[in-house]
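A.B. asks: the following comprises the amino acid sequence and a computationally predicted model.
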Amino acid sequence: MIGVLKSGVLTRKDGNGPYAKTFEESFAKCICTKYAVAMNSGTAALHAALLAADVGSGDEVIVPSFTFTSTVEVVAFVGAKPVFVDIDPKTYCMDPYSFEKAITSKTVAVMPVHLYGLMADMEAVMKIAKEHGLVVIEDAAQALGAELHGKKAGSFGDFGCFSFYATKNITTGEGGMVAVNRRESVDILSSIRNHGEGRHHTSERLGHNYRLPELSCAVGYYQLLKLPQFIEVRRRNVAKLTSLLENIGRLVLPEEPKGYKHAWYLYTLRLRGCRAGERNKIVSRLVNAGIQAEVYYRTPVHLAPYYRRKYGFRTRVLPKTETAARQVFSLPTHPNLTDEDIRYIAVKLKKIAA
């Protein structure tokens, strides 16, 4: 940080400051892609990826509804229509069968979301996308450090989009990254993040100010060096928490499927057979006990007021998604938790959910 201040380079118009380059190169190496382009948020990363893929009016983009709203709002911002599909109830990620059924002649892209730190079934998603000639944009905002059969989250699709928001597995406060394997994509994304400017400082395409400042890039670079340690601590915390909660019959604990490496951004449980009101009371009691419990996500995006008004989406169209929204809640796994904290969480939850 001091080095950035002494250098006098706090940001550059093209976004290619020395720390930005170092962070991008290190990030690409970390997830085994050829390139990475820094952005100032995960939402910016998703939006820039759609713009780079020339997705626009009249197009359809297949997305899960069980996700944070940014996954879907960027589709609306480029003028395309989001087409919602259901989830696998065990992983909470996009169901490949539901994805394949939703493809139409207007479908141009799919945006699988790696939720809570666990990857979607990208092998199945990529196979289907290739058969139909679709662009694949991975929303890996919650899954830095996750893997499927040894391949990193964000390295499967045409674009891998990440967030460095304050709660993520590494943080720059606010920030994002797009990982790609084509040099052409780097040039387009770099232009988009700088108002669409080309080599002669003229607007070649529609763009934004999506640059990530040098101070943030420096924080991101040094955070990235600690990522293996952060993930290992999260995995240890999860193992301890699971061992303390596994005998509570009402709780369905999260799993790490064979062949997957979970990054454990969140520890998400399901309260078996309950209604939303009962789940909410349990979460409220946990919060009152000083535990950072939360529900992600209470309202699936297709049932949010804006999307119901604009597209006319209805209830009971995505039954697995809507059931999960009524039953799940999440507990923290971050590296600052102590063994005492984990035992306290388990004791309180046992007492409240018994």
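C.D. replies: Thanks, I have it. For clarity, every value in this text was computed on a predicted model and none was experimentally measured.

A.B. asks: list the contacts of S203.
C.D. replies: S203 makes contact with 195-197, according to CB atoms under 8 Å, 6 or more residues apart in numbering. C-betas here are computed from N, CA, C, even on glycine.

A.B. asks: quick check, nearest of the residues you listed to D59?
C.D. replies: G196 (19.8 Å; CB to CB).

A.B. asks: wait, that closest one sits on N209?
C.D. replies: No: using CB atoms under 8 Å, G196 makes no contact with N209, being 10.5 Å away.

A.B. asks: circling back to that earlier point, nearest to F84 among the contacts of S203?
C.D. replies: For the contacts of S203, the nearest to F84 is G196 (30.2 Å; CB to CB).

A.B. asks: for the closest one, what are phi and psi?
C.D. replies: When read as degrees, to the nearest 10, the backbone of G196 gives phi 80, psi 10.

A.B. asks: all strands of this structure, in order?
C.D. replies: 35-39, 60-64, 81-85, 107-110, 135-139, 147-148, 151-152, 159-163, 176-180, 251-252, 260-261, 267-271, 328-331 (DSSP state E).

A.B. asks: any idea how this protein splits into domains?
C.D. replies: 2-225, 227-353 (automatic domain parsing).

A.B. asks: just put those domains in TSV and tack on mean pLDDT.
C.D. replies: Below are those laid out as TSV (pLDDT from 0 to 100):
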stretch	mean pLDDT
domain 2-225	94
domain 227-353	95
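
A.B. asks: what's the most buried one of those?
C.D. replies: Of all those, domain 2-225 carries the top mean neighbour count, a mean of 21, counting by mean count of other CB atoms under 10 Å.

A.B. asks: quick one: distance of stretch 250-266 to the chain centre.
C.D. replies: Here the centre of stretch 250-266 is set off from its chain's centre by 16 Å, with CA atoms, centre = their mean, to the nearest Å.

A.B. asks: quick one: end-to-end length of that stretch, please.
C.D. replies: Using CA to CA, to the nearest Å, the end-to-end distance of stretch 250-266 comes out at 19 Å.

A.B. asks: circling back to that earlier point, need the strands of the chain in JSON lines (columns: distance to F313).
C.D. replies: As requested, the strands of the chain are arranged in JSON lines below (distance: least, CB to CB, whole Å):
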{"stretch": "strand 35-39", "distance to F313": "29"}
{"stretch": "strand 60-64", "distance to F313": "12"}
{"stretch": "strand 81-85", "distance to F313": "7"}
{"stretch": "strand 107-110", "distance to F313": "17"}
{"stretch": "strand 135-139", "distance to F313": "20"}
{"stretch": "strand 147-148", "distance to F313": "30"}
{"stretch": "strand 151-152", "distance to F313": "33"}
{"stretch": "strand 159-163", "distance to F313": "24"}
{"stretch": "strand 176-180", "distance to F313": "27"}
{"stretch": "strand 251-252", "distance to F313": "27"}
{"stretch": "strand 260-261", "distance to F313": "30"}
{"stretch": "strand 267-271", "distance to F313": "24"}
{"stretch": "strand 328-331", "distance to F313": "20"}
